[in-house]
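# okay, sequence plus prediction incoming.
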Amino acid sequence: MLVVRVLKYGVTGSLLGSSALWLHYNSWDPVDSTVGLVRIGRAVVTVAKIAVDYKSTLSQAPAGTPEYAQLKSACHLRSAERLYQLCCANRGCYIKVGQHIGALDYLLPTEYVQTMKVLHSKAPQSSLEEIHQVLREDLGKEPLEVFSSFDEQPLGAASLAQVHRATLHDGTEVAVKVQHPKVQDQSKVDLKTMDLLVRIVAKLFPDFQFLWLSDEAKKNLPRELDFLQEGQNCEKVEQILKKYRYLRVPKIYWELSTKRVLTMEFCQGGQINDRQYMDENAINVNEVTRNLGKLYSEMIFVQGFIHCDPHPGNVLVRKTADSGTEIVLLDHGLYQTLTDEFRLDYSQLWQAILGADVKGIEEYSKRLGAGKMYGLLACMVSARSWAALTKGIDKTPLSEGEDNEVKEYAARLIPQISDLLNRVPRQMLLLFKTNDLLRGIEHALNCRANASSFINMSRCCVLAVSNHQLKTTTKWTERVKISLSRSITLWKIDFYEFFLWLTTTAVVQWICTPITRLNN
């Protein structure tokens, strides 16, 4: 007990002292935020408790033993619960980072991921008066001067803002996204605090390097707090994906929008993971997941401009007047723009994965910074086992056993995964989150990793690589050769897609059934 006390007070004292010095020399003024010290105190004490818990718990059994694994899992769960309580208490960007952790299946311990997932549905809610005050400050008018009605209860509350349904004086229904009033000021201190604590933890536990998490928060949070940027993202993605008629994004009312207020078209629909809603409205689940896959393959491999927050509350589905189906994409605050070099390497990595090309996987993983951990990167990108990758993931259906194997494997390799996440380009990090959220949707709809998703990815990878080759060559003979090769490859993919469709039709199954019986 004496050792634990020494550890507890020593670590806590070090964290508090380091935090005070670091914030002082980074020009933080506690007068600017009356609750700043309280928030910092909560964070420091929480991290100190977690550090002491790990130090004392993991010393109770030899590494690699079953007892050690059980102790570590229990410690993960206790620590995750402490972080969850911290996020709920400090709110704002703490909840945002917690939600990010909750989206990283296969990359972080299950105990952390499952605990933090709850934050997607337990975000804080500002009072109506606080929301009205933001509207007065930013729009320069009383809310009822701008809107003929404004719902008291929000449609939804998130870590940084909440959305209310309202009606303009001409009768137009709109959704009004209003930023929580204190988030802007608190975020500056919170980001500095988190950055410091992550660096201290890295010193105390060299195997757990989570600087990437702090770096991503510092880069992305200021963008998400600028609602004018979100409106621009919304219009840009609508433009670059206009060929997909089934995509709908809300119209932005710019005259009623500021950095903290975003007024947009009100869009109805069911969440994309709501199977019951789809059944009740005669919406084809396979068609929806296929179309969502097309949208994201186009964004990732061809356009290099990606909506990175596709959790179910941000993706709606609905029937149109002509009995078609629309996908409504909401919340355009978090986007990742890929460089052409990264997009090309990532496309070629996926081509290698889809083709079970081990040499290609090694080459393009190394180009993305994986080094000797190329197999680990490929497994993290695809969320499949190495055995499935070498056989061909389009030929090896994902089983529950393999899914559990991947998660257990990831839990044992946390230090290596942390190291890899610090090595790969920062553009990769939001792609991991996006991929995991999309897989979560597929899992909820029970249509994970079907053949059509691989076909869409293959088609977009071919387009990405060939478009790059056409841009970088001036010889007309080479351009003809590239165009011809692309056409042939795309024709093969189209033929394979037609073949898959044909084998599932009722007529073919009716013909094949008696033949199969005769053979048996």
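Arrived safely. Quantities reported herein were computed from a predicted structural model and do not represent experimental measurements.
# can we go C-alpha only for contacts and neighbour counts from here?
Will do.
# for the chain, just list every one of the strands.
In the chain, the segments counted as strands under DSSP state E are 147-150, 156-157, 161-168, 173-179, 247-248, 261-265, 270-271, 305-307, 315-319, 325-329, 335-337.
# got a markdown table for these, with mean neighbour count too?
Listed next are the strands of the chain as a markdown table, based on neighbours: other CA atoms under 10 Å:
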| stretch | mean neighbour count |
| --- | --- |
| strand 147-150 | 17 |
| strand 156-157 | 19 |
| strand 161-168 | 20 |
| strand 173-179 | 24 |
| strand 247-248 | 18 |
| strand 261-265 | 22 |
| strand 270-271 | 20 |
| strand 305-307 | 23 |
| strand 315-319 | 21 |
| strand 325-329 | 22 |
| strand 335-337 | 18 |
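# I'd like these laid out as TSV, including mean pLDDT and distance to residue 127.
TSV is the format used below for the strands of the chain (pLDDT from 0 to 100; distance: least, CA to CA, whole Å):
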stretch	mean pLDDT	distance to residue 127
strand 147-150	97	13
strand 156-157	86	11
strand 161-168	96	10
strand 173-179	97	11
strand 247-248	96	31
strand 261-265	98	16
strand 270-271	94	26
strand 305-307	95	29
strand 315-319	94	26
strand 325-329	95	27
strand 335-337	93	29
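# closest to residue 428 out of those?
strand 335-337 (9.3 Å; CA to CA).
# partner strands of that closest one and their direction?
strand 305-307 (antiparallel) (DSSP bridges).
# distance between the helix of greatest length in the chain and the chain's centre?
When the chain is parsed with DSSP state H, its longest helix is helix 476-503. Relative to the chain's own centre, helix 476-503 is displaced by 32 Å; criterion: CA atoms, centre = their mean, to the nearest Å.
# could you do stretch 322-341 as well?
The answer for stretch 322-341 is 13 Å, by CA atoms, centre = their mean.
# next: stretch 268-282.
22 Å.
# how about the strands of the chain in JSON lines, adding distance to residue 52?
Output for these, formatted as JSON lines (distance: least, CA to CA, whole Å):
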{"stretch": "strand 147-150", "distance to residue 52": "49"}
{"stretch": "strand 156-157", "distance to residue 52": "34"}
{"stretch": "strand 161-168", "distance to residue 52": "35"}
{"stretch": "strand 173-179", "distance to residue 52": "36"}
{"stretch": "strand 247-248", "distance to residue 52": "50"}
{"stretch": "strand 261-265", "distance to residue 52": "42"}
{"stretch": "strand 270-271", "distance to residue 52": "41"}
{"stretch": "strand 305-307", "distance to residue 52": "38"}
{"stretch": "strand 315-319", "distance to residue 52": "41"}
{"stretch": "strand 325-329", "distance to residue 52": "43"}
{"stretch": "strand 335-337", "distance to residue 52": "36"}
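# show the pLDDT at the residue lying closest to residue 218 once chain neighbours are set aside.
Once flanking residues are discounted, residue 218 sits nearest to residue 191: 6.3 Å by CA to CA, 6 or more residues apart in numbering. The score at residue 191 is 86. That number is its pLDDT.
# what residues are up against residue 191?
Residue 191 makes contacts with 93, 214, 217-218, as judged by CA atoms under 8 Å, 6 or more residues apart in numbering.
# how about residue 234?
249-250, 332.
# okay if I get these as CSV plus pLDDT and neighbour count?
Shown next, in CSV, are the contacts of residue 234 (pLDDT from 0 to 100; neighbours: other CA atoms under 10 Å):
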residue, pLDDT, neighbour count
249, 97, 19
250, 97, 21
332, 95, 24
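# sorry, back to before: please tell me how far the residue nearest to residue 218 sits from residue 68.
34 Å (CA to CA, to the nearest Å).
# now, which of the contacts of residue 191 sits nearest residue 492?
The nearest member of the contacts of residue 191 to residue 492, counting by CA to CA, is residue 217 at 42.6 Å.
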